[in-house]
Structure formats: C-alpha cells, structure tokens
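*Asks:* Provide a 3D model corresponding to the input given below.
(2 chains)
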Amino acid sequence: MNRDHKPFIRVNHLKKYFPVAKNWRGKNSQYLKAVDDVSFSIDEGETLGLVGESGCGKSTTGRLLLHLLPPTSGSLFFGGQELTRLSKHELWQKRREMQLIFQDPYAALNPRMTIQASLHEPLKAYGEDKRTRDATIKKLIDAVGISSQYLNRYPHEFSGGQLQRIGIARSLALKPKFVVADEPVAALDMSIQAQILNLMKELQQEFNYTYLFISHDLSVIDYMSDRIGVMYLGKMVELTDRDALYQEPLHPYTQALLSAIPIAEPQRSKNKIMLKGEIPSPVHPPSGCHFRTRCPFAKAICAEKEPEWVEMKKGHYVACHVVQEAHQ
Amino acid sequence: MLKVWNRYRHNLLAVSGLVFILLLIVIAIFARQIAPHNPYTMSTAARLTGPSSSHWFGTDQFGRDILSRIIYGSRISLQVGVIAVGFSFIVGTIMGIIAGYNGGWVDSLISRITDVLFALPDILLALVIMAILGPSLNNLMLAIGIVYTPIFSRIARGAVLNIRDSLYIEAAYSMGVKKIKILWHHILPNILSPLIVQVTLSFAFAILSEAALSFLGLGVSPDTPSWGIMLSSAKDWMELSWWTAVFPGIAITLAVFSFNSVGDGLRDALDPRTGTGN
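*Replies:* Below you'll find the model as predicted:
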C-alpha cells in the first residue's frame, strides 16, 4: 500500500492514569498507568496494528482514541481536530466518523433487542429516516454475508462468527472513517478468524477505512497491518512498518515476542528468547525502562533513566537505551 | 409485542392467572348487578349462619351476606393493589435508575432517603403518613405506595449497577445513542425481571396492608366491604363460624396467586432467551 503520509489520527504524549487508591483525605494517591506517554499517528486508509500482552494498555489506547475515555493528559487529533477540546455536541457529531468493533460480539449486543433493532439503532440515533436506514442495512448485511431473513432473531440465536459479522455491520452502519478493532477475532475459531479478517480487509479497500487493529496475536497482526506498534506496560516500545518489524526488530521485547511465533517447520532450529518473570504491576512499574526487569540486555542506565522515543531509521521508532547506544 | 404474547400464551398458569384477574375486574365493575344481596344490609335473625342456598358463603356477625361483601370488596382490593403498587413501581424504579446510572452525590442522596424509609417498620411508616394525611381510601393507597417505593428503588438501583458497565451500553454510547434512549431501550428492559417479581409480591402485601390499616381505623371505614376488613374482623368468630374467615381468605389467596403467576409469566415472556419464541 502506498502511503501519502497524511496523518489522519495524531496522538501526542497521551496518558491515561486510573486512580486505584485514596489516602486518608480522600485524595487519589496511587495510579494505574494504563497508557503512559504514547505518541504516534495513523495515515488515512492505513491499518496500524497494536500488539502486546494482555494488560499492556492496548484496549485503553483504542478507547482513548475514540474518546470513550477522557485522557489524563496529552492531545488527540482526529482529521485535524483536537478531540479533547470539542464540546459535547461536537464530539457527538464526530462519533459518527469513528467506531469500535468489539472483541466479544455477543456482549456488545443488547440480548433483548433483535438484530434488526440493534442495526437500526445507530442510524436512528443520527436521525436517518426509515427508508435510508433499511437501504443501508440491506447493503451492509449483504456485504457481511448475513441473510436478511435472520434480522428478526435475537443475538443468542447466532453463532460467534455470525455475531461478529453483525457486529462489524453495526459498527460500519454509520459509514465511519476510522475504526478501532479491539481483538475482533480473539474469541473466534481459527477458520472463522480468516473469514472475518478478509471481510475487514475487503471493506477497507472498498470504503478506505483507517483501522487501528488491536491484537495479541502476532500472525493476525502481521496479516492485517501496514505498520505495527508494540506496547509493553503502558508504553510503546517500538513502532515501524510491518516488514521492518518482522525482519529486523530492534527492541529486545519485540525480539522476544517474535521469537515466540510458532513456525510450521519442526526441523528448523530456533533461538527462542525466553523472558524471565512476570509482567510487573502497572501500579508500581520499574524505574527507568519498564522492561528492564525482564530484559536480557539490561544495563545500569536502564534503571536510572527512561529511554527516549527515538526515530532510529526512517519511520522506525524505538525506546531502548541498549539499541540507541549500539547505533551511536 | 406479538412475540411477547406468543411466549406468554404457552404458559398455562400465567394465562389462567390473567383470566382470573380479568374476571375479577369484570366482577368489580358489575358488582351491583352480580351481588345477590346488599352488602350493607344487616339482619339480627341471620347472624353467623353457615353456607346455604340463600347465602352461598354464609353470613357474618351482623348477618350480612359474605358473598356479596366479597364481590364488592374486589373493588377496593384491586384499586389498592393496582394503584398503590403502580405508584411505588413507577416512582421507585425512576429513583433507582437515576441513582444507579448517575452515581455520585445523586446516588448518595437517593440511597440515604431509601435507607431512612427502610429503617422504619412498614406499618408504622404508613401510620405516620395516614395520621398526617387523614383517613381516606386515596390517602391509604398513597401511604402504601410510599411505604413500598424504597424496595423498588433499591432493586432498580442494584440492577442498573449490574448492567451499567455492560459492553452493549458502551457500544450504544459509542454509536452516538443519547443517554435517555440508552436508559429507555437498554437499561429499562434489562432490569425489568426482578422488578416484575417484586410487583407481584407487593400486590399481596398491599392488600394485607390495607386490611391492617383499616383494622387500625386509618383505612376505609369498618362497614365498607373490603377483603382485608372482613378477614380481620372474622378472627373473633372463626372458631365458631369458619366461613367468615375462609371465603375472604380464599379471595385474597386467589387474587395474590393470580398476580404472582401473571408476573412470573410476564418475566419469562419478556426475556427472548427463554421459551420457543416462534
């Protein structure tokens, strides 16, 4: 995909801290730093993959981008507009253009509403008349391959794959420009995963959607993304083109992640990098570099200073002391 | 709506309950035409006579026809049940939804009010309200309504808290659905089940509360035919004349049972996940 480098989404120093404890005066004293100083941009029509272990802040980042959660600090540009400065009504108008696809499509649909009612709902909310709504929905469910005779059924009468296709249809009903897909295939069978991913790609080609694709599955991310960001404990540690990431990962964490991908060649020997220990608590992250406690290359400086977010090569960002020293 | 009825239709108990309630409504409306005797006419000669062909359910200590009094009594019982419970259901549910959905100081305020109401015994609270408002049927229904409001408020609040953070609420919000629509289309239908069960239970308690308050002289006047009054005045005579207590008791039991089975049927019919639905 050729990119014209027109950032559609821009995020600068985005932070989201959740208060987890209060002191005796009722003031927040401890925070869970779910997203801690993250900056990146997404071009129009591009898919940015976001990968990391569970609890690393991927989903929170996605929800911050849609302004479903207000950020603690940082700025957030959507098509040139700063979302955090919009009034309630302006934000509501902008919501049309940005949508979320959920991991669990069953939980995302009201169990007491027919699929028909659920599909109509977002269009109704923006005041579309019945004829337009019917036409839009007819086109959408054709596109995702659901028969219109099922429209009167309830969510519990569908399979997971069908529900996710309905979920996608619903998220796209408003013709958004930007779609956050939060682990859209994690809850589905392998065979259905491919179906959903291909559907999302086809729709993207047809309607030029900009995707933020969140997953912990490296092969899914590889398949979907143009560029990939790797997150660890609320920080982005590496961000680059897909090919660059898979061919020459720079950050030790990315290297460890990639070495964990199973290869369908039992003869071939692999150097699997085993990480020691558990992911630390995001309430008490390690000093300096968050990854240093599990990093095989950790040095003294890693505990003292937070690594800076540096563009090592064109479009290849890394936050790591070791890598940055080696390249000097 | 049609789907709900289709699911309801298959529940025999619920349908019989509904039929009985409709019958009760007809009886209440046409009490004058149906009742064989005047419910107020006393007769010293016919005091406490057992069931017979002229008095099917016997007579009470003043010689009044019990069947006729039960027929007229359905008016008051239905009125008290429907209006008092309807009041507490509507007011309590709105309070509970507002408290649960908004949280913060609004929640604290509403929850403290319900706590205060809960702290007082039901009858005592109703007595206080009746003492302030004065005895009359309308005030009686209002008092009973106020007494049961905190129950609905608390149930609704708990149910809202349970589903407020559901994914489908977030999904609706992220698709630009306005707050009031989310409350009406997503929250209300999903908290209705426990509330409906409570409505049917409260109906029974409301009929009994009416009896208790009337007995204490704060409800309707003692000569008015009401199932509650009949039952409470029968307690002095039932060792000698069982019919004075049994027939009003059966009337209350049947009405309460019908409302309960209608409530159960409604709860199941409103949930698309139960039953066939086709």
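*Asks:* dump the residue contacts of residue B:160.
*Replies:* Residue B:160 makes contact with B:96-97, B:99-101, B:187, B:191 under the criterion Cβ atoms under 8 Å, 6 or more residues apart in numbering or on different chains. The C-beta positions use only the backbone N, C-alpha and C, and glycine is treated the same way.
*Asks:* is it true that residue B:254 touches residue B:23?
*Replies:* No - contact criterion Cβ atoms under 8 Å: residue B:254 and residue B:23 do not qualify, at 9.9 Å.
*Asks:* quick revisit: ok, the contacts of residue B:160 vs residue B:63, which is closest?
*Replies:* Sorting the contacts of residue B:160 by how near they are to residue B:63, with Cβ to Cβ, puts residue B:96 at the top with 48.9 Å.
*Asks:* Can you pull the poorly scored residue ranges out of chain A?
*Replies:* Along chain A, segments meeting pLDDT under 70 span A:1-6, A:268-270, A:328.
*Asks:* What strand or helix carries the most centrally placed residue in it?
*Replies:* The central residue of chain A, meaning the one whose C-alpha is nearest the mean C-alpha position (Cα atoms, centre = their mean), is residue A:214 at 3.1 Å. When secondary structure is defined by DSSP states H and E, residue A:214 falls within strand A:210-215.
*Asks:* how far is the helix or strand that that strand is followed by from where the chain is centred?
*Replies:* Taking DSSP H and E as the definition, the helix or strand that follows strand A:210-215 towards the C-terminus is helix A:218-224. For helix A:218-224, the distance from its own C-alpha centre to the chain's C-alpha centre is 12 Å (Cα atoms, centre = their mean, to the nearest Å).
*Asks:* which secondary structure elements does helix A:218-224 contact?
*Replies:* Using 3 or more Cβ pairs under 8 Å, 6 or more residues apart in numbering or on different chains; DSSP states H and E as the contact criterion, the elements in contact with helix A:218-224 are strand A:47-51, helix A:190-207, strand A:210-215.
*Asks:* Reformat the ones you listed into CSV and put distance to residue A:116 next to each item.
*Replies:* Compiled in CSV, those are given as follows (distance: least, Cβ to Cβ, whole Å):
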stretch, distance to residue A:116
strand A:47-51, 30
helix A:190-207, 20
strand A:210-215, 27
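*Asks:* okay if I get the ones you listed as TSV plus distance to chain B?
*Replies:* TSV is the format used below for the helices and strands packed on helix A:218-224 (distance: least, Cβ to the nearest Cβ, whole Å):
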stretch	distance to chain B
strand A:47-51	18
helix A:190-207	17
strand A:210-215	14
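*Asks:* Identify the residues contacting residue A:47.
*Replies:* Remark: with contacts taken as Cβ under 8 Å, 6+ apart, residue A:47 is in contact with A:204, A:210-213, A:224-227.
*Asks:* measure it to residue B:247 for me?
*Replies:* Computed with Cβ to Cβ, to the nearest Å, the distance linking residue A:47 and residue B:247 is 76 Å.
*Asks:* cool, residue B:96 as well?
*Replies:* In this structure, residue B:96 and residue B:247 are separated by 38 Å, where distance is defined by Cβ to Cβ.
*Asks:* again, but for residue A:81
*Replies:* Relative to residue B:247, residue A:81 is positioned 75 Å away (criterion: Cβ to Cβ).
*Asks:* The two: who's more crowded?
*Replies:* residue B:247 (22 against 12; other Cβ atoms under 10 Å in any protein chain shown).
*Asks:* what's around the closest residue to that one other than its chain neighbours, how many residues?
*Replies:* If the residues on either side of it in the chain are set aside, residue B:247 comes closest to residue B:57, at 4.4 Å by Cβ to Cβ, 6 or more residues apart in numbering or on different chains. Counted with other Cβ under 10 Å, the neighbours of residue B:57 add up to 22.
*Asks:* pretty sure residue B:57 is touching residue B:67, no?
*Replies:* Yes - the pair formed by residue B:57 and residue B:67 meets the contact definition of Cβ under 8 Å, at 4.2 Å.
*Asks:* so what sits against both of those two?
*Replies:* The contact lists of residue B:57 and residue B:67 share residue B:247, where a contact means Cβ under 8 Å, 6+ apart.
*Asks:* Now do the SS call for residue B:85.
*Replies:* Three-state secondary structure (criterion: DSSP: H, G, I helix; E, B strand; the rest coil) places residue B:85 in helix.
*Asks:* For the stretch 101-250 of chain A, list the residues in contact with chain B, please.
*Replies:* Residues of the stretch 101-250 of chain A lying close to chain B (Cβ under 8 Å from any Cβ of the partner chain) are A:102, A:104, A:107-113, A:121-122, A:125-126, A:154, A:156, A:170-171, A:173-174.
*Asks:* Among those residues, name the buried ones.
*Replies:* When neighbours are counted using 16 or more other Cβ atoms under 10 Å in any protein chain shown, these contain these buried positions: A:102, A:104, A:107-113, A:121-122, A:125-126, A:154, A:170-171, A:173-174.
*Asks:* Inside strands: which ones of those?
*Replies:* Using DSSP state E, no member of these falls in strands.
*Asks:* For the chain, which segments are assigned as strands?
*Replies:* Unless you meant another one, I'm taking chain A. Across chain A, reading from the start of the chain, the strands by DSSP E fall at A:7-22, A:28-43, A:47-51, A:73-78, A:81-82, A:98-101, A:178-182, A:210-215, A:227-232, A:235-241, A:310-313, A:316-318.
*Asks:* Just the helices from chain B, written as ranges.
*Replies:* Along chain B, the stretches classed as helices by DSSP state H are B:2-9, B:12-29, B:31-34, B:66-79, B:85-102, B:104-119, B:122-133, B:137-164, B:167-174, B:179-181, B:188-215, B:227-234, B:243-270.
*Asks:* got the contact list for the fourth one?
*Replies:* Think helix B:66-79. So helix B:66-79 is contacted by B:24-25, B:27-28, B:31, B:34-39, B:55-60, B:137, B:141, B:207, B:210, B:220, B:224-230, B:243-244, B:247-248, B:251-252, B:255 (Cβ under 8 Å, 6+ apart).
*Asks:* quick one, what contacts the nearest residue to residue B:129 once chain neighbours are set aside?
*Replies:* Sequence neighbours aside, residue B:143 is the residue nearest to residue B:129 in space, at 4.0 Å (criterion: Cβ to Cβ, 6+ apart). Neighbouring residues of residue B:143 by Cβ under 8 Å, 6+ apart: B:125-126, B:129-130, B:133, B:213.
*Asks:* per-residue pLDDT, residue B:143?
*Replies:* As summarised for this prediction, residue B:143 has a pLDDT of 92.
*Asks:* Against residue B:136, how distant is it?
*Replies:* Here residue B:143 is placed at a distance of 10 Å from residue B:136 (Cβ to Cβ).
*Asks:* center of chain B - which residue?
*Replies:* Of all residues in chain B, the one closest to the mean position by Cα atoms, centre = their mean is residue B:203, 1.9 Å from it.
*Asks:* and that one, how far is that from residue B:121?
*Replies:* Look at residue B:203 and residue B:121: by Cβ to Cβ, they are 20 Å apart.
*Asks:* Residue of the stretch 1-150 of chain B nearest chain A, please.
*Replies:* With Cβ to the nearest Cβ as the measure, residue B:3 is the residue of the stretch 1-150 of chain B nearest to chain A, at 8.6 Å.
*Asks:* Which pLDDT value belongs to that residue?
*Replies:* On pLDDT, residue B:3 comes in at 77.
*Asks:* My guess is it contacts residue B:10. True?
*Replies:* No - assessed by Cβ under 8 Å, residue B:3 is found out of contact with residue B:10, at 11.9 Å.
*Asks:* Using JSON lines, lay out the helices of chain B together with distance to residue A:21.
*Replies:* What follows is these, written out as JSON lines (distance: least, Cβ to Cβ, whole Å):
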{"stretch": "helix B:2-9", "distance to residue A:21": "47"}
{"stretch": "helix B:12-29", "distance to residue A:21": "50"}
{"stretch": "helix B:31-34", "distance to residue A:21": "66"}
{"stretch": "helix B:66-79", "distance to residue A:21": "54"}
{"stretch": "helix B:85-102", "distance to residue A:21": "24"}
{"stretch": "helix B:104-119", "distance to residue A:21": "19"}
{"stretch": "helix B:122-133", "distance to residue A:21": "40"}
{"stretch": "helix B:137-164", "distance to residue A:21": "22"}
{"stretch": "helix B:167-174", "distance to residue A:21": "25"}
{"stretch": "helix B:179-181", "distance to residue A:21": "30"}
{"stretch": "helix B:188-215", "distance to residue A:21": "31"}
{"stretch": "helix B:227-234", "distance to residue A:21": "54"}
{"stretch": "helix B:243-270", "distance to residue A:21": "41"}
